[in-house]
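>>> Structure here, sequence nowhere to be found:
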């Protein structure tokens, strides 16, 4: 593998991780809050946390999806132009 190809792979993984981190962090915090509330109230309903996570993650992707996807689009364009030069 050439060093430029390794750099492209590194950048792709880094950008993907940075794009997914806000949504995953939001799901983590929401799961923690719901878990604490369920433990405090002793309600062990399993569907409520899943529905809440789906709704909140969907809302976050709707609101911030364009902002989160811009670095992915730029990387994809750069990767295709890099591949075309080789």
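Nice, thanks for sending it over. Computed from a predicted model, the values in this text were never measured in an experiment.
>>> Give me the most central residue, this protein.
By CA atoms, centre = their mean, the chain has its centre lying nearest to residue 20, at 1.7 Å.
>>> who's in contact with residue 66?
With contacts taken as CB atoms under 8 Å, 6 or more residues apart in numbering, residue 66 has no neighbouring residues. Using the backbone N, CA and C atoms, a C-beta is placed for each residue, glycine as well.
>>> so where is the protein shaky, pLDDT-wise?
Within the chain, the ranges that satisfy pLDDT under 70 run 1.
>>> rerun at 50
Residues of the chain that meet the criterion pLDDT under 50 are absent altogether.
>>> quick one, helices of it?
Secondary structure of the chain (DSSP state H): helices at 3-41, 47-85.
>>> Please list all residues in contact with the closest residue to residue 30 other than its chain neighbours.
The shortest distance from residue 30 to any residue that is not its chain neighbour, by CB to CB, 6 or more residues apart in numbering, is 5.4 Å, and that residue is residue 56. For residue 56, the contacting residues are 26-27, 30, taking CB under 8 Å, 6+ apart as the criterion.
>>> With neighbour count and distance to residue 9 added, can I get those in TSV?
Supplementary listing: the contacts of residue 56 in TSV, determined by neighbours: other CB atoms under 10 Å; distance: CB to CB, whole Å:
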residue	neighbour count	distance to residue 9
26	17	27
27	16	27
30	17	32
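>>> okay, these in CSV with distance to residue 14 next?
Output for these, formatted as CSV (distance: CB to CB, whole Å):
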residue, distance to residue 14
26, 20
27, 21
30, 25
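>>> Out of those residues, which is nearest to residue 41?
Closest approach to residue 41 among the contacts of residue 56 (CB to CB): residue 30, at 16.4 Å.
>>> pretty sure that closest one contacts residue 53?
Yes - at 5.9 Å, residue 30 counts as touching residue 53 under the criterion of CB atoms under 8 Å.
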